[in-house]
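>>> Fold the following for me, if possible:
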Amino acid sequence: MAAPSTSDPHRPGGAGPVLLAAGLVLAAVLVFWPGIATYDSVVQYAQPLSGRYDDWHPPVMARLWSLTLHWIAGAGPLLALQMAGYGLGLGLIAGRLRRFGRPCAALAVMLIGLWPPFLGWQAVVLKDAQMLGALLAAVGLIVAASGRPATWQSRVMIGAAAVLLIYALLVRANAVFAVAPLIAMLVPLCSARSRILLGVGLVAATLALSPAINHRLLGATESRVTATQPLYDLAGIAVRVGPEAAIGFTPAETRVLIARHCLRPFFWDPLDDDSRCAGIVSRLFALPSSRLYPMLAEAAVRHPLAYLAQRLAHLNSTMRWWVPAGWINAAPPLGGEANDLGLAQPGRAAVAWERLAGSLSDWPTGWPIVWIVVAATMLAASRRSRDPELRLPRALLVSALALEASFAAFSIASDLRYHLWPMIATALAMATLPPGSLVDRRAVRVGVVVLMLVLIVGLAARLTLPAPPGDYAGMMG
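Sure thing, here's the model as predicted:
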């Protein structure tokens, strides 16, 4: 984020937001201690306790957790780490803005971090919060190092940012679709083509190297998690085209999938339910992904409308557009999953905050589709501006939109936590956007019209559609 010629990036004032962020992090850790451990958290925590690791959940997070067990048991250390990254990133970005004479923008950045649904989800010890903390800290360090002389301090900050970006890549399977474009937009390249090539290269390298890192370096066994995506879409195509035209599933298996209502736009979970559908998909689940993905490609080519219907139904669900009010898994959980592993519950103050976050989660600010429209509008409206300060907001917007675009093909669940980075990245881009950079007024007008249509349709759905089940069991059907 380069400075305009009239600014002094080294003038005092930048330390204030960093100190404020440190205080907020400390307060958040105290309020939410020892962190909220969901079902996924409990399953993952069992791995370092047992010493047996698999790749259903990110092995790098489980290995990190194993290191903290030598000092403090439970989720508390990882809560502190993800909160520290969250606060550090926001504080460094706000401090940079304040040094450039933009105190209102700096305040906006801090308020974004305090938005109850964002902070509430950051208190949940999950790979999504770990990724968010790592990405925010990395961006903050890069912003703090930009414009400085090439001293050892700046090199240390860039090195630390690189480590955090690698961790973010490994801690979520789809993080590459956010991290690769973020890096490509932040590095000082001259052309859009160079950025695209770099981004594509980073995606390809990550997808190629991640299995080796997870299995050989981190010692995780294969869990077949990579089979879930093609199985979900193959089943979705099968129930739409019928028993005689399905690919992969036999006619008898397809009839059972239909009869037992194994497909849900909300998530793939019914297919993994032992009492209903798991036995039907077990034959395909045992196949390697190298066979399942070509099978899915064949099914998509032969039945493109069925594949499109499958993906659009899920995309609508995860984007929370034409869905009823109270579409679950938007609000952060009020407490942790019951367990016998020693993962304790947070106190009353944490529960009160999460209740507040839950009351705000169904607002339009909790619809990913709204943030997509806002991000696309800002990116389009600022494309003609040559302001050097646009590098950071543009990088955030491209990263947000790229990750959201990936859900069109790679997504099997509708939890709001999967969208936390795009939402916060878009909010930060809005706060850091230099004044007067939205120069394409036509793009702004089109974006406002599209946003209004999205809001009208979304509100109509919530006023007219019947109430959904209020819990996981009900969504399973």
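
>>> For the rest of this, base every contact and every neighbour count on C-alpha atoms.
Noted.

>>> Report the mean per-residue pLDDT for stretch 395-414.
Average pLDDT, stretch 395-414: 97.

>>> Please look at residue 227 and residue 288 and confirm they touch.
Yes. Under the criterion of C-alpha atoms under 8 Å, residue 227 makes contact with residue 288 at 7.4 Å.

>>> Looking only at neighbour counts, state which of those two leads.
residue 227 (19 against 12; other C-alpha atoms under 10 Å).

>>> From residue 285, how far off is that one?
Using C-alpha to C-alpha, to the nearest Å, we find residue 227 at a distance of 6 Å from residue 285.

>>> Need the residues touching each of these two.
With contacts defined as C-alpha atoms under 8 Å, 6 or more residues apart in numbering, no residue is shared by residue 227 and residue 285.

>>> Give me the helices and strands touching the helix or strand containing residue 89, please.
Taking DSSP states H and E as the definition, residue 89 sits inside helix 76-99. Helix 76-99 sits against helix 15-32, helix 103-114, helix 116-122, helix 127-145, with contacts defined as 3 or more C-alpha pairs under 8 Å, 6 or more residues apart in numbering; DSSP states H and E.

>>> Setting aside sequence neighbours, what's the nearest residue to residue 378?
Distances taken as C-alpha to C-alpha, 6 or more residues apart in numbering place residue 438 nearest to residue 378, at 6.9 Å, with adjacent residues excluded.

>>> Which residue ranges make up the domains of this protein?
The chain breaks down into these domains under automatic domain parsing: 15-221+347-464, 225-319.

>>> ok, the residue sitting nearest the centre point of the chain - contacts?
In the chain, the residue lying closest to the centroid (C-alpha atoms, centre = their mean) is residue 418, at 3.7 Å. Residues counted as contacts of residue 418 (C-alpha under 8 Å, 6+ apart) are residue 128.

>>> Checking it next. Helix, strand or coil?
helix (DSSP: H, G, I helix; E, B strand; the rest coil).

>>> measure it to residue 178 for me?
For residue 418, the distance to residue 178 - C-alpha to C-alpha - is 12 Å.

>>> Mind listing the shared neighbours of the two?
What both residue 418 and residue 178 touch, as defined by C-alpha under 8 Å, 6+ apart, is an empty set.

>>> in whichever strand or helix holds residue 207, what's buried?
Assessed by DSSP H and E, residue 207 sits inside helix 192-212. Across helix 192-212, burial judged by 16 or more other C-alpha atoms under 10 Å covers 195, 198, 199, 200, 202, 203, 206, 211.

>>> so what pLDDT did the third one get?
In the prediction, the pLDDT value recorded for residue 199 is 92.

>>> Then the fifth one?
Looking at residue 202, its pLDDT is 94.

>>> Count the neighbours of residue 251 for me.
Neighbours of residue 251 using other C-alpha under 10 Å come to 16.

>>> Which of the helices or strands spans the nearest residue to it once chain neighbours are set aside?
Distances taken as C-alpha to C-alpha, 6+ apart put residue 243 closest to residue 251, at 4.2 Å, once the chain neighbours are dropped. For residue 243, there is no helix or strand it lies in under DSSP H and E.

>>> what are the phi and psi angles of residue 243?
When read as degrees, to the nearest 10, the backbone of residue 243 gives phi -60, psi -40.

>>> What of the one 3 residues further on?
When read as degrees, to the nearest 10, the backbone of residue 246 gives phi -60, psi 150.

>>> So it sits against residue 252, correct?
No. Counting by C-alpha under 8 Å, residue 246 stays clear of residue 252, with 10.4 Å between them.

>>> and the gap between the residue nearest to residue 415 when sequence neighbours are not counted and residue 354?
Spatial nearest neighbour of residue 415, chain neighbours left out: residue 329 (5.1 Å); criterion: C-alpha to C-alpha, 6+ apart. Relative to residue 354, residue 329 is positioned 13 Å away (C-alpha to C-alpha).

>>> Compute the inter-axis angle for the helix or strand containing residue 424 and helix 103-114.
Using DSSP H and E, the element containing residue 424 is helix 420-432. When axes from the mean of the first three to the mean of the last three C-alpha atoms, to 10 degrees is applied, the directions of helix 420-432 and helix 103-114 differ by 160 degrees.

>>> Go through stretch 330-341 and flag the buried ones.
Neighbour-count burial for stretch 330-341 [16+ other C-alpha under 10 Å]: 330, 331, 332, 333, 334, 335, 336, 337.

>>> and that stretch, how far apart are its ends?
Note: stretch 330-341 ends 26 Å apart using C-alpha to C-alpha.

>>> Contacts made by it with the rest, please.
36-39, 42, 46, 117, 120-121, 124, 344-346, 350-351, 354-355, 357-359, 361-362, 366, 415-417.

>>> Give me the buried entries from those residues.
36-38, 42, 117, 120-121, 124, 344-346, 350-351, 354-355, 357-358, 361-362, 366, 415-417.

>>> Identify those among those residues that sit within strands.
The members of the buried ones among the contacts of stretch 330-341 all map outside strands under DSSP state E.

>>> Next step: the residues you listed restricted to helices.
42, 117, 120, 121, 350, 351, 354, 355, 357, 358 (DSSP state H).

>>> remind me which residues of the stretch 151-300 of the chain are low pLDDT?
190 (pLDDT under 70).
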